[in-house]
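> Sequence first, then the predicted structure:
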Amino acid sequence: MQTMPDSNEVETSFLYPHGPSKSFSYPDKSDVFVISSEDILTMVNPTTVTGRIYAISPVEITAAQQKSWQRGCDERLGCI
């Protein structure tokens, strides 16, 4: 993740699928975006046994959920 302190933005990679899941993967085509650091819920360090499918720890999932709830977001409805 590359940070851009002058603009308060970060360059980040996304895993798929978006939203709650037990496992994730990187897309075939790189999914890298520059977004505001305020839009980051939590930084994760996905682990893998196979090198293809990644898992996020329960602690990381809980941290993201709590930050999402604090912002008034619901996984089904989005942020309100």
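Ah, there it is.

> so where's the protein uncertain?
Confidence mapping of the chain against pLDDT under 70 gives the ranges 1, 73-80.

> how close does A63 sit to S37?
Distance of A63 to S37, given as CB to CB, to the nearest Å: 16 Å. For every residue, glycine as well, the C-beta is placed using N, CA and C.

> Likewise for T12?
The gap separating T12 from S37 is 10 Å, by CB to CB.

> More neighbours: these two, which one.
Neighbours per residue (other CB atoms under 10 Å) separate T12 from S37, with T12 holding more: 17 against 14.

> what are the phi and psi values for that one?
The phi/psi pair for T12 (degrees, to the nearest 10) reads phi -140, psi 150.

> wait, it sits on D31?
No. Taking contacts as CB atoms under 8 Å, T12 lies outside contact range of D31: 9.2 Å.

> Beta-bridge partners for the residue nearest to K22 when sequence neighbours are not counted, please?
Once flanking residues are discounted, K22 sits nearest to A55: 7.1 Å by CB to CB, 6 or more residues apart in numbering. Beta bridges link A55 to T47, judged by DSSP bridges.

> Strands of the chain, start to end?
2-4, 9-13, 32-36, 73-74, 78-79 (DSSP state E).

> Out of the ones you listed, which is the most enclosed?
Most buried of the strands of the chain, by mean neighbour count (mean count of other CB atoms under 10 Å): strand 9-13, with a mean of 15.

> what residues are up against N8?
By CB atoms under 8 Å, 6 or more residues apart in numbering, the contact list for N8 reads S36, S37, E38.

> How much space separates the last one from P27?
Taking CB to CB as the measure, E38 falls 24 Å from P27.

> swap in T42?
20 Å.

> Same question for E9.
The gap separating E9 from P27 is 21 Å, by CB to CB.

> Let me see the contact set for V32.
When contacts are counted by CB under 8 Å, 6+ apart, V32 touches E11, T12, S13, F14.
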